[in-house]
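Engineer: Structure, please.
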Amino acid sequence: MEQIPASIWTLTAGVVITLISFWVGHNHNLLPEQASEQAPLVDDFFDIMLTIGTALFLVVQGAIILFLIRYRRRAGDDGDGLPVEGNLPLEAFWTAIPALIVIFLGIYSVDIFQRMGGLNPGDHAMHTMGDHNPAVAVVAAATDTPSSLAINSNSVPEVGIGASPDVQGKAPDLVVDVAGMQYAWIFTYPSQGIVSGELHIPVGKDVQLNLSARDVIHSFWVPQFRLKQDAIPGVSTELRFKATKPGTYPVVCAELCGGYHGAMRTQVIVHTPEEFETWMSQNQTMAAIPSPSLVASHTAELGVTPQLLAQVAAAAQSPQPVPSSDQI
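Structural biologist: Numbers count the residues shown, from 1 in each chain. So this is what the prediction gives:
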């Protein structure tokens, strides 16, 4: 019986490894459900990395097993192995292949980051962010205090995931200010005057989160959205996305921020447009704030002055000192 050439065995092994790797890479079920427009981009990149990783694993482990069996020491064989100094073509091959893989993954990851809006986070319609406190704004207006003293607005964030190419230059449908603190997330809807401990957004709408931290670094992470962005004291960061599936999803702090870091959790609730409008109307807080004329009529007798309001607003906007490691 004629022996099968090594090239045929190599080709057969390559086809088998390729088929197995592709199947594993696209049928792993390792990730949670997709619930944002950005999630498929991340999942496609993960599938490619898992496919390549599976192929490398099979090649390396298969070679080890093959060599253990074929070149094992036979009974009665007490001789030395053949002196092999090296194989330049083989060494060049196994150096070039990983290098090409790394270059490919690097270019592909940059392309995905750009398509998600990470390379130009501030490339959209101008807006301001900050602690939008409706009560402070109303009192400031009633006492003729300049709004710039009452609310310390910051410029557009230049760090984070911003507008994707299809919505660049357009204002988001909804802006939410997110403040991270030990050990909670606070969500402020500046245009609606709503403050919540949960994030409520409509499905299919372009949402922008302006993130900040009051004490230490936190990280806003929604696994189902495949999005994570740090909230950094003194630095404005941004996370812009579009949810694609109604539901309730966990919000996790992914940055060690202290002793109760593991309990710093909340949830994002993705509503249908009708449900979101209902939630907004039920949680509107602006109507509960007294009118400027009513506030102005009582500010003098209460001893509230524009200078006092400016001091209170400045104290509220100033970042809190970062605790030392002994305090955490």
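
Engineer: SS state for residue 75?
Structural biologist: coil (DSSP: H, G, I helix; E, B strand; the rest coil).

Engineer: what comes into contact with stretch 51-62?
Structural biologist: 13, 17-18, 20-22, 24-26, 101, 105 (CB atoms under 8 Å, 6 or more residues apart in numbering). The C-beta positions use only the backbone N, C-alpha and C, and glycine is treated the same way.

Engineer: Output the residues you listed in JSON lines; the columns should cover secondary structure and pLDDT.
Structural biologist: Below are these laid out as JSON lines (DSSP: H, G, I helix; E, B strand; the rest coil; pLDDT from 0 to 100):
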{"residue": "13", "secondary structure": "helix", "pLDDT": "91"}
{"residue": "17", "secondary structure": "helix", "pLDDT": "94"}
{"residue": "18", "secondary structure": "helix", "pLDDT": "94"}
{"residue": "20", "secondary structure": "helix", "pLDDT": "96"}
{"residue": "21", "secondary structure": "helix", "pLDDT": "96"}
{"residue": "22", "secondary structure": "helix", "pLDDT": "95"}
{"residue": "24", "secondary structure": "helix", "pLDDT": "95"}
{"residue": "25", "secondary structure": "helix", "pLDDT": "94"}
{"residue": "26", "secondary structure": "helix", "pLDDT": "92"}
{"residue": "101", "secondary structure": "helix", "pLDDT": "95"}
{"residue": "105", "secondary structure": "helix", "pLDDT": "96"}
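
Engineer: could you flag which of those residues are buried?
Structural biologist: Among these, those classed as buried by 16 or more other CB atoms under 10 Å are 17, 21, 24-25.

Engineer: Now for these: which two are most distant?
Structural biologist: Spanning the widest gap among those are 17 and 25, at 12.0 Å by CB to CB.

Engineer: Report the distance from stretch 164-171 to the chain centre.
Structural biologist: 18 Å (CA atoms, centre = their mean, to the nearest Å).

Engineer: got the buried residues for it?
Structural biologist: 164, 167.

Engineer: Now it: average pLDDT?
Structural biologist: Average pLDDT, stretch 164-171: 82.

Engineer: and if you look at stretch 264-282?
Structural biologist: What stretch 264-282 shows for mean pLDDT is 94.

Engineer: how long is that stretch end to end?
Structural biologist: This stretch, stretch 264-282, spans 26 Å end to end (CA to CA, to the nearest Å).

Engineer: Stretch 206-223 now?
Structural biologist: In stretch 206-223, first residue to last residue: 18 Å (CA to CA).

Engineer: Next, count neighbours for residue 272.
Structural biologist: 12 (other CB atoms under 10 Å).

Engineer: didn't it look like it was pressed against residue 201?
Structural biologist: No - Residue 272 lies out of contact with residue 201 (CB atoms under 8 Å); the separation is 11.1 Å.

Engineer: Okay, buried residues for the longest helix along the chain please.
Structural biologist: In the chain, with assignment by DSSP state H, the single longest helix is helix 39-70. Across helix 39-70, burial judged by 16+ other CB under 10 Å covers 39, 41-42, 45, 47-48, 50-52, 54-55, 58-59.

Engineer: Distance from the chain centre to that helix, please.
Structural biologist: Worked out by CA atoms, centre = their mean, helix 39-70 lies 27 Å from the chain centre.
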